[in-house]
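Undergrad: pasting the structure only:
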């Protein structure tokens, strides 16, 4: 066995040591991800935060009531939508193509060996698939 055959987890390291030296490693102790103190701290913070949040929610002064937040979110979505579309245009990825089994039929995506482009949703494709062109 090589060292690369094992992962870097404690169990694998113990198995590797056991396979090389025949020395048994004791039980592996794994502490919990969240301790009881951390759970209590989060619970207290939530208890303190809930009345403040409810007051802000009722008065209409939360981040969801802020028009600038919605504008920034819309610009963020628009930017990434346009950048993805431009990537596809630059790479000359087709929006639709003819079906392999039936060349007279259009499809928006293809499955098979060497086909890695994802489905495109457009009204033209939806109509052609709906009416079975």
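TA: Perfect, I can see it now. Model, not experiment: these values are computed from the prediction.
Undergrad: what's the pLDDT at residue 126?
TA: Residue 126 is assigned 47 on the pLDDT scale.
Undergrad: now residue 10
TA: Confidence score, pLDDT, at residue 10: 83.
Undergrad: Can you tell me how far it is from residue 66?
TA: 47 Å (Cβ to Cβ, to the nearest Å). The way it works is simple: take the backbone N, C-alpha and C, and place the C-beta from them, glycine included.
Undergrad: Quick one: the strands in this protein, in order.
TA: Taking DSSP state E as the criterion, the chain carries its strands at 97-98, 106-107.
Undergrad: Tell me which of those sits most buried.
TA: strand 106-107 (a mean of 18; mean count of other Cβ atoms under 10 Å).
Undergrad: Below-threshold pLDDT in this protein: ranges please.
TA: Scanning the chain with the threshold set as pLDDT under 70 gives 1-8, 92-95, 107-133.
Undergrad: Pick out the residue closest to the middle of it.
TA: The centroid of the chain falls nearest to residue 80 when counting by Cα atoms, centre = their mean (15.3 Å).
Undergrad: possible to save the strands of the chain as JSON lines with distance to residue 19?
TA: Output for the strands of the chain, formatted as JSON lines (distance: least, Cβ to Cβ, whole Å):
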{"stretch": "strand 97-98", "distance to residue 19": "53"}
{"stretch": "strand 106-107", "distance to residue 19": "52"}
